[in-house]
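[1] one predicted model, sequence on top.
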Amino acid sequence: MTKIITWNVNSVHTRLPRLVALLARHQPDLVCLQEIKTTAEAFPASEVAAAGYQAVVHGQASRNGVAVLARVPVTDVVRGFAGDPVPEQARVLSVTADGLRVVCVYVVNGKEVSAPEYELKLRWLDAFTAWLRESHRPTDPLIVAGDFNITPDDRDVYAPDVWRGRNLASEPERARIRGLLDWGLTDLGRLNNEGPGPFTFWDYRAGAFHRGWGLRIDLALATAPVAARCTSVTVDRDERKPTFGEGKPSDHAPLIVSLRE
DNA sequence: ATGTCACTTTACAAGTGA
């Protein structure tokens, strides 16, 4: 297992041509997808299989939904997590591949700090962290990858002064990320990269991409044995360009993690 | 910050969530 990609596709149906092209372009061993916005029954499994990948899906109609695509054998599939305050929302999917435990995650967005959704986001993060700590060990080979909907610190925001205290950049959210790191996870995107960025998300509105208004909210967090194997972490920024490939882009770009054998 | 996108409904526009 040498290459893992995480990508919030914002509808796997709409993004299918670009997803198939991504698989051909990067030849990843495993892909974590978020916001597939469909059920397991409706997932385009045959198209993905034609590209050489098995699809493991934790789906939900219309909203949320996560999936793992793998060209290597996958075992011990777990959908969701014990203690989830909103188990009807499909946000977490865990698999084991080539001795590595992979947790694909789509964190609650939170909307804005004054919203009830923000309180849910913090509660959800606490429950997720508690489950992770109870069910895993920091000495195990583990990677938690996905859309965290949190910028870990000011280096992850194009305009920290504008964003300070707001949803995606507020201190309580960032404290939850630090909680995961304190337990024993390393932010692979910050290995040998002091930033700013690289950003992984640009809002569709206001021409954010062309103005450089990006955020780093898609993360790969890993335990020490995995971090020691990490050789590179890159963002496929081209994938966010409206003129790149077939169809429209997602508002997120894929994050590509390479590991030594 | 807001020049969009994808989804749904009782659908040919408007609301929701991101």
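    Received the coordinates, thanks.
[2] for the nearest residue to A:Pro254 once chain neighbours are set aside, what are its contacts?
    Closest residue to A:Pro254 apart from its sequence neighbours, by Cβ to Cβ, 6 or more residues apart in numbering: A:Trp7 at 3.9 Å. All C-beta atoms are positioned from the backbone trio N, CA, C, and that covers glycine. By Cβ atoms under 8 Å, 6 or more residues apart in numbering, A:Trp7 lies in contact with A:19, A:22, A:31-34, A:218, A:239, A:250, A:252-255.
[3] wasn't A:Trp7 part of a helix?
    No: under the criterion used here (DSSP: H, G, I helix; E, B strand; the rest coil), A:Trp7 is strand, not part of a helix.
[4] ok, it to A:Gly184 distance?
    Distance, A:Trp7 to A:Gly184, by Cβ to Cβ, to the nearest Å: 25 Å.
[5] whichever residue of the stretch 151-261 of chain A sits closest to DNA strand B: neighbour count?
    Taking Cβ to the nearest atom of the strand as the measure, the point where the stretch 151-261 of chain A comes nearest DNA strand B is A:Arg205, at 2.9 Å. Neighbours of A:Arg205 under the rule other Cβ atoms under 10 Å: 8.
[6] want to try CSV for the contacts of A:Trp7, with secondary structure and neighbour count as columns?
    Formatted as CSV, the contacts of A:Trp7 follow (DSSP: H, G, I helix; E, B strand; the rest coil; neighbours: other Cβ atoms under 10 Å):
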residue, secondary structure, neighbour count
A:Leu19, helix, 27
A:Leu22, helix, 23
A:Val31, strand, 27
A:Cys32, strand, 31
A:Leu33, strand, 28
A:Gln34, strand, 30
A:Asp218, strand, 24
A:Glu239, helix, 21
A:Ser250, coil, 22
A:His252, strand, 24
A:Ala253, coil, 25
A:Pro254, coil, 28
A:Leu255, strand, 26
